[in-house]
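Asker: Provided below for reference: sequence and predicted model.
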Amino acid sequence: MPAVLGGGIGGLSAAYYLTRRFVNPVTVYEASNRLGGWIRSENHYDENFIFEAGPRTIRTKGPAATNTLELLEDLNLNKDIYPICDTHPAARNRMVYAKGRLNMLPNSLTGAFKTLPPFTKPLISALFHDLRAGSKKQKINDESMYDFVERRFGKEIADYAISPMICGICAGNAKEISVRFLMNDLFEWEQKHGGVIKGLLFRDKKKAIKKQSEGVLPKLAKDQKWSIYSIKGGLEMLPKTLADYLTIYSDIQLNSNCQKVTFSKDGSAEICINDKAITTDHVVSSLPAFTLATAVEEQHPDLAGRLNEIPYVDVAVVNLQYRSPDLLEQEAFGFLVPPIENLPILGVIFDSCCFNMRGNTVLTCMLGGHWFEKLFGKNPTEKDILDVALKNVHDILGIEVEPKTSRVHILRKCIPQYTVGHKARVDGIRDYVKKHKLPLSLCGSAFDGVGVNDVILSSRNQVDHIVGCQ
């Protein structure tokens, strides 16, 4: 039976799908003393608030989102979902801090026709920019998100819309992140038809008929127009529920560090866990790319080299709780900060606007990312990070009172960066695995998307591939 390396949401999801398809139990090996990976909720029931150190909400649109909703339904979490509908301020209102003030991004079609700061032209003018830009003379396989958007839609869109969005999604630099990360279809349209708008008009409109989900939750999310959602008690309830399910059908071993993975000619694999050799017929790895690289380096240095080409960034997360419900002037999901502003924070999430935290204002500040070491050095203290967060909360939001409770998390190498060439890089890694007939499947955030939905679907797809090869 397969062995699963890593007890984050990717590894737990892979183990879940494996138990649904095989009779024998699956073993999950997690190096730390807890499950859930970067999803971590700190629930203060006595004071009615929650701190999230990692992801806090999940989106509802697209096949990956539908797959997650079906998983939640299978786990009987229907009644525990905390939905945010598309009319809620946290769904409608997104802001950027630029040019010395908070600016509300357009949230309707009419807003796209108005000139709203920080932009000097209506957003609709970006479409005309695309039409005037013409086609790129030489076809390319990839480019940075920033370069593509600047070329097709103008510098303001690249600076004040796309760059802060990339900061919020992966704490990355849009000038290095691949356009295929989020805009693959738009890039393909431009390459084929000479422009994004032309591509939209002349794209192949023949779509394969997809089987509609019959699940209750996907239908409910569509009918009630959910935008995003979380789970009562914090998003960590998802990996905890998965773990509860798996303890019945599988074996979960904490404090179990995978030191080495070797593959035999007979098609089996040997994993070294805490200096103990364990034989398995297949390895499903949800480990960070650099961790897996260390494990396979002795036998497959070329594979290790390719895995190490996927960069990661450090992020500091600061949770703040104020014992007052009315410290924010504007209800919104929060705000992001464009890198062009040269501020040390990536953005601030208004948690107490997203969720009812009765009598509290709760904020989460995100700092560092691509610029972590430049801003804070190699080893900042938690106090250093907290002081920077509080100063920026004061300067931007005007909050002068001290928080009643705060938490600082310095998350090292927590988010992989899909830099230019990422798709080809991942294809090369999987081609290597296939060519050498290694009993190894790769899931997790390093390969097929960094969001919770993406990671869960990646795990399911890898398990489906294993089943198909049986």
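Answerer: Cool, got the structure.
Asker: please make it C-alpha for all contacts and neighbour counts, starting now.
Answerer: OK.
Asker: sheet partners, orientation included, of the helix or strand where Thr262 lies?
Answerer: According to DSSP states H and E, Thr262 maps onto strand 258-263. Strand 258-263 pairs in its sheet with strand 269-273 (antiparallel), by DSSP bridges.
Asker: how is the chain divided into domains?
Answerer: Following automatic domain parsing, the chain resolves into domains at 2-39+236-310+419-468, 91-202, 311-416.
Asker: for these, which one sits closest to Tyr45?
Answerer: Tyr45 lies closest, by C-alpha to C-alpha, to one member of the domains of the chain: domain 311-416, at 10.0 Å.
Asker: how distant is the closest one from the center of its chain?
Answerer: Its chain's average C-alpha position is 18 Å from that of domain 311-416, according to C-alpha atoms, centre = their mean, to the nearest Å.
Asker: quick check: end-to-end length of stretch 77-85?
Answerer: Start to finish, the residues bounding stretch 77-85 are 18 Å apart (C-alpha to C-alpha, to the nearest Å).
Asker: picking that back up, hey, least reliable of the domains of the chain by pLDDT?
Answerer: Sorting the domains of the chain by mean pLDDT places domain 91-202 lowest, at a mean of 91.
Asker: correct me, but Asp80 touches Tyr229?
Answerer: No - taking C-alpha atoms under 8 Å as the definition, Asp80 is not a contact partner of Tyr229, at 10.4 Å.
Asker: of those two, who's got more company?
Answerer: It is Tyr229, of Asp80 and Tyr229, that has more neighbours when counted by other C-alpha atoms under 10 Å, with 20 against 14.
Asker: give me the beta-bridge partners of the more buried one?
Answerer: Ile58, Pro83.
Asker: tell me the contacts of it?
Answerer: 57-60, 81-84 (C-alpha atoms under 8 Å, 6 or more residues apart in numbering).
Asker: Ile415 now?
Answerer: 170-171, 312-314, 445, 450.
Asker: now these as TSV including distance to Glu52 and neighbour count?
Answerer: As requested, the contacts of Ile415 are exported to TSV (distance: C-alpha to C-alpha, whole Å; neighbours: other C-alpha atoms under 10 Å):
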residue	distance to Glu52	neighbour count
Cys170	16	22
Ala171	17	28
Tyr312	21	23
Val313	19	20
Asp314	17	20
Ser445	19	25
Val450	17	18
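Asker: in a helix, that's where Phe119 is, yeah?
Answerer: No - assessed with DSSP: H, G, I helix; E, B strand; the rest coil, Phe119 is coil; it does not lie in a helix.
Asker: wait, isn't it in contact with Ala158?
Answerer: No - using C-alpha under 8 Å, Phe119 makes no contact with Ala158, being 11.0 Å away.
Asker: more neighbours: the two, which one.
Answerer: Neighbour count, other C-alpha under 10 Å: between Phe119 and Ala158, Ala158 has more, with 23 against 17.
Asker: over to the more buried one. Which of the three states is it?
Answerer: Once three-state DSSP is applied, Ala158 turns out helix.
Asker: any idea how far Ala133 is from it?
Answerer: Ala158 is 15 Å from Ala133, by C-alpha to C-alpha.
Asker: please apply the same query to His422.
Answerer: Per C-alpha to C-alpha, His422 is found 26 Å from Ala133.
Asker: more neighbours: which of those two?
Answerer: Comparing His422 with Ala133 by other C-alpha under 10 Å, the one with more neighbours is His422, at 22 against 15.
Asker: which residues touch that one?
Answerer: Applying C-alpha under 8 Å, 6+ apart to His422 gives the contacts 178, 310.
Asker: from now on call the first residue 29
Answerer: From this message on, residue numbering opens at 29, which makes the last subject His450.
Asker: pretty sure Asn71 is in contact with Gly262, am I right?
Answerer: Yes - counting by C-alpha under 8 Å, Asn71 touches Gly262, with 7.1 Å between them.
Asker: any shared contact partners between those two?
Answerer: With C-alpha under 8 Å, 6+ apart as the test, Asn71 and Gly262 both reach Ile78.
Asker: the more surrounded of the two?
Answerer: For Asn71 versus Gly262, neighbours defined as other C-alpha under 10 Å are more numerous around Gly262 (23 against 15).
Asker: what about that one, which SS state?
Answerer: coil.
Asker: so it is in contact with Asn76, correct?
Answerer: No - under the criterion of C-alpha under 8 Å, Gly262 makes no contact with Asn76, lying 11.8 Å away.
Asker: which residues are in contact with both of the two?
Answerer: With C-alpha under 8 Å, 6+ apart as the test, Gly262 and Asn76 reach no residue in common.
Asker: element containing Val345?
Answerer: strand 340-350.
Asker: quick one: the strands in the stretch 379-498 of the chain?
Answerer: 389-397, 433-444, 468-470 (DSSP state E, counting those that start in this stretch).
Asker: ok, the stretch 79-228 of the chain next?
Answerer: 86-87, 109-113, 122-126, 129-132.
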